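1. Pasting a predicted model and its sequence here:
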Amino acid sequence: MSRSVLVTGGNRGIGLAIARAFADAGDSVAYTYRSGEPPAELAELGCLAVKCDITDPEQVEQAYKEIEDRHGPVEVLVANAGVTRDQLLMRMSEEDFSTVLETNLTGTFRVVKRANRGMLRARKGRIVLISSVVGLMGSAGQANYAASKAGLVGFARSIARELGSRNITCNVVAPGFVDTDMTRVLSDEQRQGIVKQVPLGRYARPEEIAASVRFLASDEAAYITGAVIPVDGGLGMGH
């Protein structure tokens, strides 16, 4: 049965792969994007593109109204939208820190809270938050990003306890290094240095992250909630 699925930040990279995976499975997929043009491949799959900056509560509310008018209440939410502003702590500005927290953590709070309204009414729902191995291991120059991604774990586990009795699950996927536009800008030397840290010896494909997300949103994962699923090639084991 087709479900109403929302993927935030679904216009590129991991989010694009997740939106495509749900659309390929026959779900009614909407995705948010903040800038640029919606990808043609998602339009061809019938996905609904909704321009929305998740740091703006009014834009979040308007996005949900548009999605609900077209697809009905959101039954599966994948909170993927995020930003980075990497800088060593001594050079990191207040704005660098607050902007990343406002998008990655507070923005996720906004979209989850709004989806929760329909899920409570339906007494069912699936919420998947996209964190990062960096949120578990830490990373020099990414104190803001790591803090925001670690915060998602505590947030998800609190939501899992709060909403479990309503048949709503909330889980976290923590990707490692993924082969996307963001990592392709690195030099060959930097990419090789990263791969050396990964036991499986390669970057993840976005489709591998998407597969884990789809599983957590499936009936087969109905008894999994409050979990953190690493999809990192073994990079973060032990964390």
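-> Yep, it's here.

2. how about low-confidence regions in the protein?
-> For the chain, the stretches flagged by pLDDT under 70 are 182, 184-186, 238-239.

3. Tell me where this protein has helices.
-> For the chain, the helices defined by DSSP state H occupy 13-24, 40-44, 57-71, 94-101, 107-122, 133-137, 143-163, 181-184, 188-196, 206-216.

4. Now for the residue nearest to A21 when sequence neighbours are not counted: which residues touch it?
-> Excluding the flanking residues, the one nearest A21 by Cβ to Cβ, 6 or more residues apart in numbering is A210, at 4.0 Å. For the C-beta atoms, the positions are set from N, CA and C on the backbone; glycine is no exception. By Cβ atoms under 8 Å, 6 or more residues apart in numbering, the contact list for A210 reads I14, A17, I18, R20, A21.

5. Was I right to think the last one contacts S212?
-> No - assessed by Cβ atoms under 8 Å, A21 is found out of contact with S212, at 10.0 Å.

6. Pretty sure T103 sits against T55.
-> Yes - using Cβ under 8 Å, T103 is in contact with T55, at 5.6 Å.

7. and these two? which has more neighbours close in?
-> T103 (21 against 16; other Cβ atoms under 10 Å).

8. Nearest residue to that one in space, please, no chain neighbours.
-> Nearest one to T103, counting by Cβ to Cβ, 6+ apart, is V83 at 4.8 Å.

9. swap in G164?
-> Among residues not flanking G164 along the chain, T225 sits closest, at 5.8 Å (Cβ to Cβ, 6+ apart).

10. Contact partners for that neighbour?
-> By Cβ under 8 Å, 6+ apart, T225 lies in contact with A160, G164, T169, C170, N171.

11. Can you check these and name whichever has the most neighbours?
-> That'd be C170 among the contacts of T225, by other Cβ under 10 Å, with 27 neighbours.

12. ok, back up a step: for the residue nearest to T103, give its distance to A122.
-> The gap separating V83 from A122 is 31 Å, by Cβ to Cβ, to the nearest Å.

13. next one: A43
-> Applying Cβ to Cβ to A43 and A122 gives a distance of 28 Å.

14. Please apply the same query to E44.
-> Noted for E44: a distance of 30 Å to A122, by Cβ to Cβ.

15. Settle it for me: which of those two has more neighbours?
-> Taking neighbours as other Cβ under 10 Å, E44 and A122 compare with A122 leading, 15 against 9.

16. What distance do you get for the more buried one to V198?
-> Distance of A122 to V198, computed by Cβ to Cβ: 40 Å.

17. which residue is nearest the middle of this protein?
-> By Cα atoms, centre = their mean, the chain has its centre lying nearest to N80, at 2.1 Å.

18. you'd agree that residue is up against I127?
-> No - the criterion here is Cβ under 8 Å, and N80 misses it with I127 at 11.8 Å.

19. can you tell me which residues contact the residue lying closest to G36 once chain neighbours are set aside?
-> Of all residues not flanking G36 in the chain, N11 sits nearest, at 6.6 Å (Cβ to Cβ, 6+ apart). Counting by Cβ under 8 Å, 6+ apart, N11 touches Y31, Y33, G36, P38, P39, L42, A49.
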